[in-house]
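**Q** Predicted coordinates and the sequence they were generated for:
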Amino acid sequence: MTLVSSPLPDAYIKTRMGRTWDYWSHNYDGGGIYGLRDAADHQLWRTALAGLVSSQPQTVADVGSGTGQVSLLLAELGHRVHSFDLSQGMVAMTRRKAGAGLTVTQADAERLPLLDQTVDVLVNRLVFWTLPHPLAALHEWQRVVKPGGRVVVIDGLWWQRATPWQTIQTYLSYVKVFNAARRRGTELATDAEAICVASIRLMWLEALYACVVGVAIGVGSAVSVGVGALHVAEGTLTAANLLLILLLVSECFRPVRLLQQAFHQAFWVTSVTDSIFSPLDAPLPVTERQPPQLEIPALNQSYALKTSPLPMGPTASQPCATSRFRSARVNGWRWSGDPVRARARWSICCCASMTRNRGGSRWAGWTSATCRWRRCAARLP
Amino acid sequence: MSVEAIAVREIDVFVVADYGPNYTYAPSAQERAEFLIKTFPNSAAAKNRRYVLIPYQYINPSIQNALGVKTLAEGFFPEAFQ
């Protein structure tokens, strides 16, 4: 089972994701997505979340906390909450509201800065769909949760997968992970069974349904093509009419396919029941784990900055190597020693300066003999 | 879906997502409902000025989805709730 993941470099996606949510963070509560409308909504969510965690104070990680709605509710219930979000803006919004029992850190949901088995419950809401590697995230969350703890995913199926088969594949991979988690002793949100089991069945129904529809369409078209071809061979039907009939047949299936979308905004919390998913008890692939970065109390470091391998342009400590005669270290390469790389670097630098000039920025007045990067004083050759 | 494709359909009710009073990224729900009525003046919905404002969190995946169903039902069949 493989999930379709993006071909773009991970760090690039993560940077863009962070910036996107930075943009939305300023008015996210105003949008009513997380923001609770009234006391009744507040009570509703509070009750739902209280059902997911123990009545005793627990350590809870809220991954992708956004403006901290879920975190704040959990902290209100008396738990120690650690919120993580990729977006600096969202982190700032949560921090503004954070009271006692709530720490906020900027971190990637797929690589949490936590040691193994440190939290009792890991919650995330409306985060799963944004992740470029959802399966990796599930593995990571399992790692962080204590034996007997819970991973609670609150999300929706936001859009239809490209093909029914992809839908099934995706579901099966998720289900497999959760099943393995259970065998390891990680209990997954069993208290929310009233919602969970129903929604899991919905998911399954959809998967089976997609399967049935796919097979029906396949068989239907195959039969009609066969019958039509026979008629064409006998001479009772022209080929053009056959095409028309086939088109009509495929149109007939369209409303059936649209029915599938009824499920897509369904609310699902993922849980596991062995009776349903026992055929999927295959061993999981062994994934190589990142060494744990930090203890929970020392979470004030910026995780994203440390691990970003993107070349972000020259800085004071890493000046840009504009001159091929100059020995400079950029991103770990000695550019000057290699004429090919030096030329490449030089052209990048020229392009950058040209772009800035064309934009009519304040750098335009600089002479061409000087590199126009902000903090770089190198001379062009 | 294009505006033409929507105009062909027989629309009885417009459903407009309500992002709340503090949202600045889009016009208010009322304004967007008015826009729809102006854009599709020949539809039954525009003639009867029928539209449902549904809070955005009711249509996002959440426990409030059930309330969303109620909101829609009240909007579609107001006579049943009198």
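**A** Done, it's in.

**Q** Spell out which parts of chain B neighbour chain A.
**A** Within chain B, the positions adjacent to chain A are B:18-25, B:55-57, B:59-65 by Cβ under 8 Å from any Cβ of the partner chain. Placement of C-beta: from N, CA and C, glycine included.

**Q** among these, which are in helices?
**A** If you go by DSSP state H, these have B:56-57, B:59, B:65 in helices.

**Q** Redo the residues you listed as a markdown table? Include pLDDT and neighbour count.
**A** As requested, those are arranged in a markdown table below (pLDDT from 0 to 100; neighbours: other Cβ atoms under 10 Å in any protein chain shown):
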| residue | pLDDT | neighbour count |
| --- | --- | --- |
| B:Tyr56 | 84 | 17 |
| B:Gln57 | 81 | 25 |
| B:Ile59 | 83 | 18 |
| B:Asn65 | 82 | 17 |
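
**Q** Closest to A:Val212 out of the residues you listed?
**A** Proximity of those to A:Val212 (Cβ to Cβ) peaks at B:Asn65, which lies at 25.8 Å.

**Q** That closest one contacts B:Pro55, doesn't it?
**A** No: B:Asn65 lies out of contact with B:Pro55 (Cβ atoms under 8 Å); the separation is 11.0 Å.

**Q** Break down chain B into its helices, ranges please.
**A** Taking DSSP H, the helices of chain B run over residues B:3-8, B:29-39, B:44-47, B:56-59, B:65-76.

**Q** Of the ones you listed, which stretch is the most buried?
**A** A comparison of the helices of chain B by mean neighbour count, using mean count of other Cβ atoms under 10 Å in any protein chain shown, puts helix B:56-59 on top with a mean of 20.

**Q** And it, what does it pack against?
**A** Secondary-structure packing of helix B:56-59 (3 or more Cβ pairs under 8 Å, 6 or more residues apart in numbering or on different chains; DSSP states H and E): strand B:14-18, helix B:65-76.

**Q** Return the distance of it from the chain's centre.
**A** Here the centre of helix B:56-59 is set off from its chain's centre by 12 Å, with Cα atoms, centre = their mean, to the nearest Å.

**Q** what's the closest of the ones in helices among the residues of chain B next to chain A to A:Gly148?
**A** Nearest to A:Gly148 out of those is B:Asn65 (Cβ to Cβ; 30.1 Å).

**Q** measure the closest one to B:Tyr58 for me?
**A** Noted for B:Asn65: a distance of 6 Å to B:Tyr58, by Cβ to Cβ, to the nearest Å.

**Q** Identify the residue nearest the geometric centre of chain B.
**A** In chain B, the residue lying closest to the centroid (Cα atoms, centre = their mean) is B:Val15, at 1.7 Å.

**Q** pLDDT score assigned to the closest residue in space to that one that isn't next to it in sequence?
**A** Of all residues not flanking B:Val15 in the chain, B:Val52 sits nearest, at 5.0 Å (Cβ to Cβ, 6 or more residues apart in numbering or on different chains). Looking at B:Val52, its pLDDT stands at 95.

**Q** same deal with B:Asn48?
**A** B:Asn48 carries a pLDDT value of 94.

**Q** Please report the number of neighbouring residues for the residue of chain B found nearest chain A.
**A** Chain B approaches chain A most closely through B:Pro61 (2.8 Å), counting by Cβ to the nearest Cβ. Using other Cβ atoms under 10 Å in any protein chain shown, B:Pro61 has 23 neighbouring residues.

**Q** Distance of it relative to B:Glu74?
**A** 21 Å.

**Q** now A:Gly78: how far from A:Gly101?
**A** 7 Å.

**Q** Looking at those two now, which is surrounded by more residues?
**A** Each of A:Gly78 and A:Gly101 has its neighbours counted (other Cβ under 10 Å); A:Gly101 has more, 18 against 14.

**Q** so that one makes contact with A:Val81?
**A** Yes: the pair A:Gly101 and A:Val81 qualifies as a contact (Cβ under 8 Å) at a distance of 6.1 Å.

**Q** Need the overlap of contacts for the two.
**A** Listed as contacting both A:Gly101 and A:Val81 by Cβ atoms under 8 Å, 6 or more residues apart in numbering or on different chains are A:Ala75.

**Q** give me the low-pLDDT residue ranges for the stretch 101-250 of chain A?
**A** Within the stretch 101-250 of chain A, the ranges that satisfy pLDDT under 70 run A:156-211, A:213-214, A:217, A:221, A:246, A:249-250.

**Q** how far does stretch A:120-140 stretch from start to finish?
**A** The straight-line separation of the ends of stretch A:120-140 (Cα to Cα, to the nearest Å) is 14 Å.

**Q** Just checking it against chain B, any contact.
**A** Yes: against chain B, stretch A:120-140 shows contacts by Cβ under 8 Å from any Cβ at A:125-126.

**Q** Just the buried residues of that stretch, please?
**A** A:120-128, A:130-131, A:133-140 (16 or more other Cβ atoms under 10 Å in any protein chain shown).

**Q** Which ones among the residues you listed lie within helices?
**A** Reading helices off the buried residues of stretch A:120-140 with DSSP H, I get A:134-140.

**Q** I'd say A:Ala239 and A:Ala233 touch.
**A** No: using Cβ under 8 Å, A:Ala239 is not in contact with A:Ala233; the gap is 10.4 Å.

**Q** re the thing from before, closest one to A:Leu74 out of the ones in helices among the residues of chain B next to chain A, please.
**A** The closest of these to A:Leu74 turns out to be B:Gln57 (Cβ to Cβ; 18.3 Å).

**Q** that's a helix at A:Pro57, yeah?
**A** No: going by DSSP: H, G, I helix; E, B strand; the rest coil, the assignment for A:Pro57 is coil, not a helix.

**Q** That one: neighbour count?
**A** A count of nearby residues for A:Pro57, using other Cβ under 10 Å, gives 13.

**Q** how about it, what does it touch?
**A** A:78-80.

**Q** out of those residues, which one sits closest to chain B?
**A** A:His79 (19.0 Å).

**Q** For the closest one, give me its contacts.
**A** A:His79 touches A:53, A:57-60, A:101, A:121, counting by Cβ under 8 Å, 6+ apart.

**Q** one more time with 6 Å, if that's ok
**A** By Cβ atoms under 6 Å, 6 or more residues apart in numbering or on different chains, the contact list for A:His79 reads A:57-58, A:60.

**Q** Can you give me the end-to-end span of stretch B:60-70?
**A** Taking Cα to Cα as the measure, stretch B:60-70 stretches 15 Å from start to finish.

**Q** what's the spacing between it and its chain's center?
**A** On Cα atoms, centre = their mean, the centre of stretch B:60-70 falls 15 Å from that of its chain.
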